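[1] predicted model follows, preceded by the sequence.
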Amino acid sequence: MSSSGQWNQLAQKALKLLQEDAHKIEMLIQVQLENLTTRKCPVYEEVLDTQMYGLSREIDFAVRAGLVQEADGKELLAKLERNLAQLYEAMAEHQKTGQR
């Protein structure tokens, strides 16, 4: 296999791994959205924030190494950030309606 073929395989694997990590975070967000009736859990929020930060560092590394296009990395993060914003909005709304 040529070196460019190996490079393409490596780049595809890097993107796939980033997508898998992003999917894990999406699942954490989904679980929390499904369990809004439970009390707000600062530890869970801390885990989500830490996972998001870790993924952003992974993406930054992959982009700087030339394995992933910057636009692809930004797209992964933007989608997760939107999901996370929805979660925080739903939690805030649930907290407001629960206090009435």
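    Great, that's in hand. Numbers count the residues shown, from 1 in each chain.

[2] alpha carbons only for contacts and neighbour counts from here, please
    Fine.

[3] what's the longest helix in the protein?
    helix 3-34 (DSSP state H).

[4] state the distance from Leu48 to Leu55.
    11 Å (Cα to Cα, to the nearest Å).

[5] who has more neighbours out of these two?
    The neighbour count for Leu48 versus Leu55, taken as other Cα atoms under 10 Å, is higher for Leu55 (20 against 17).

[6] which SSE is the nearest residue to Asp21 once chain neighbours are set aside in?
    Among residues not flanking Asp21 along the chain, Leu55 sits closest, at 7.1 Å (Cα to Cα, 6 or more residues apart in numbering). For Leu55, the element it lies in under DSSP states H and E is helix 42-64.

[7] quick check: buried residues in that helix?
    45, 48, 51-52, 55-56, 58-60, 62-63 (16 or more other Cα atoms under 10 Å).

[8] buried stuff in the helix or strand just after that helix?
    Remark: after helix 42-64, the chain's next helix or strand is helix 70-98, criterion DSSP H and E. The neighbour-count criterion (16+ other Cα under 10 Å) identifies 73, 76-77, 80, 83-84, 87-88, 91 as the buried residues of helix 70-98.

[9] pLDDT below threshold where in this structure?
    1, 37-41, 98-100 (pLDDT under 70).

[10] ok, now with 50
    In the predicted model of the chain, residues 100 satisfy pLDDT under 50.

[11] neighbours around Gln69, how many?
    Neighbours around Gln69, by other Cα under 10 Å: 15.

[12] contacts only, for the residue nearest to Asp21.
    18, 21-22 (Cα atoms under 8 Å, 6 or more residues apart in numbering).

[13] out of those residues, the closest to Gln12 would be?
    Leu18 (10.0 Å; Cα to Cα).
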